[in-house]
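Engineer: just the structure for this:
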Amino acid sequence: MSEVTISKSGAAMAVDALPEEQPVALVFNGSTAAVMMASPFDLPDFLRGFARSEGIVKGAGEVTEVVALRHETGFEVRGRIPEDRSEAMDARRRAAVGPVGCGLCGIDSLAQASAFPGQVAPMEPGLMDHARAALTALTAGQKRREDVGAMHAAGFFDASGLVALREDVGRHNALDKLIGALETRDLTKGAVLITSRLSVDLVQKCARVGVPGLFSLSSPTRAAVNLAGRCGMTLCVIRREAIVTYSTAQTGKETVL
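Structural biologist: You can find the predicted model right below:
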């Protein structure tokens, strides 16, 4: 897709279509937990996945009555959670708008940025053998990237192949949407593949929902590797020549690079 604009000289030029980015308020029980800049689609998945990956709720099905509303200045996604989860929501409240490049912006406690999300089960044996096929399917399934470019994607795969994918201009938003879309699936039986660099917030989100393996196309940060090692998470980068493993369940400790 392309748009046409007129240059200063009066000549018509083709310009790539641009991805949408809008403020999205995530609201639970009438209280705003976060306002994120995000792609304005798959918003119910976004709300459900954010609630699980940020530890607001513990299990699938705890976010109910989800509705997405469009306003003049952005979007609002509302849902209900159990009253006993309101304290957890308050602990993770974000007071600022989070830009697409950072999943930690706006956290009102620096301790939350390095919080340990818990241990995960070992990744299923042989799952790494399916990573390249999952990447091929993920690439083929990125329809919005084909239209506008500049879109991250997160996919979940198991031994049967790629199960689902979601896209967003923000990498952590794409992951939240994916987690929300897989609300009723056992995430301990597969792995996540994401098109961005591996940062510590992505490891935290995956660990909180029990994902044992996280694959990417770009190198991880040192903090991401260390945290994945503590969690027992398999952390890999798919390169052209090989799949490079930075952390596995067998390390059981921080990996030093």
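
Engineer: where does the stretch 1-150 of the chain have low pLDDT?
Structural biologist: Counting by pLDDT under 70, the ranges of the stretch 1-150 of the chain that qualify are 1-16, 88, 91-112.

Engineer: can you rerun that using 90?
Structural biologist: Counting by pLDDT under 90, the ranges of the stretch 1-150 of the chain that qualify are 1-19, 58-60, 83-115, 143-150.

Engineer: mind listing the strands for it?
Structural biologist: Under the criterion DSSP state E, counting those that start in this stretch, the stretch 1-150 of the chain contains strands at 2-6, 12-16, 22-28, 31-38, 64-71, 74-80, 97-98.

Engineer: for the stretch 151-257 of the chain, which segments count as strands?
Structural biologist: 152-158, 161-168, 191-194, 213-216, 234-238, 243-247.

Engineer: okay, these in a markdown table with mean pLDDT, distance to residue 24 and mean neighbour count next?
Structural biologist: All C-beta atoms are positioned from the backbone trio N, CA, C, and that covers glycine. Formatted as a markdown table, the strands of the stretch 151-257 of the chain follow (pLDDT from 0 to 100; distance: least, CB to CB, whole Å; neighbours: other CB atoms under 10 Å):
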| stretch | mean pLDDT | distance to residue 24 | mean neighbour count |
| --- | --- | --- | --- |
| strand 152-158 | 97 | 15 | 24 |
| strand 161-168 | 97 | 10 | 22 |
| strand 191-194 | 98 | 20 | 25 |
| strand 213-216 | 98 | 24 | 26 |
| strand 234-238 | 97 | 28 | 22 |
| strand 243-247 | 96 | 32 | 18 |
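
Engineer: can you put these in TSV and add distance to residue 132?
Structural biologist: Output for these, formatted as TSV (distance: least, CB to CB, whole Å):
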stretch	distance to residue 132
strand 152-158	10
strand 161-168	11
strand 191-194	10
strand 213-216	10
strand 234-238	7
strand 243-247	8
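
Engineer: I'd like the strands of the stretch 1-150 of the chain as JSON lines, with mean neighbour count and distance to residue 125 appended.
Structural biologist: Output for the strands of the stretch 1-150 of the chain, formatted as JSON lines (neighbours: other CB atoms under 10 Å; distance: least, CB to CB, whole Å):
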{"stretch": "strand 2-6", "mean neighbour count": "10", "distance to residue 125": "46"}
{"stretch": "strand 12-16", "mean neighbour count": "10", "distance to residue 125": "43"}
{"stretch": "strand 22-28", "mean neighbour count": "20", "distance to residue 125": "37"}
{"stretch": "strand 31-38", "mean neighbour count": "21", "distance to residue 125": "36"}
{"stretch": "strand 64-71", "mean neighbour count": "12", "distance to residue 125": "36"}
{"stretch": "strand 74-80", "mean neighbour count": "19", "distance to residue 125": "37"}
{"stretch": "strand 97-98", "mean neighbour count": "18", "distance to residue 125": "37"}
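
Engineer: can I get the ones you listed in a markdown table with distance to residue 117?
Structural biologist: Formatted as a markdown table, these follow (distance: least, CB to CB, whole Å):
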| stretch | distance to residue 117 |
| --- | --- |
| strand 2-6 | 42 |
| strand 12-16 | 38 |
| strand 22-28 | 19 |
| strand 31-38 | 18 |
| strand 64-71 | 24 |
| strand 74-80 | 22 |
| strand 97-98 | 18 |
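
Engineer: closest to residue 117 out of the strands of the stretch 151-257 of the chain?
Structural biologist: In terms of CB to CB, the element of these nearest to residue 117 is strand 213-216, at 12.1 Å.

Engineer: what score does the residue nearest to the spatial centre of the chain have for pLDDT?
Structural biologist: With the centre of the chain defined as its mean C-alpha position, the nearest residue by CA atoms, centre = their mean is residue 175, 1.7 Å away. You'll see residue 175 listed with a pLDDT of 98.

Engineer: residues contacting it?
Structural biologist: Residue 175 sits next to 49, 53, 154, 166, 192, 194, 202, 205-206 when contact means CB atoms under 8 Å, 6 or more residues apart in numbering.

Engineer: next: residue 123.
Structural biologist: 191, 212-213, 233-234, 248-249.
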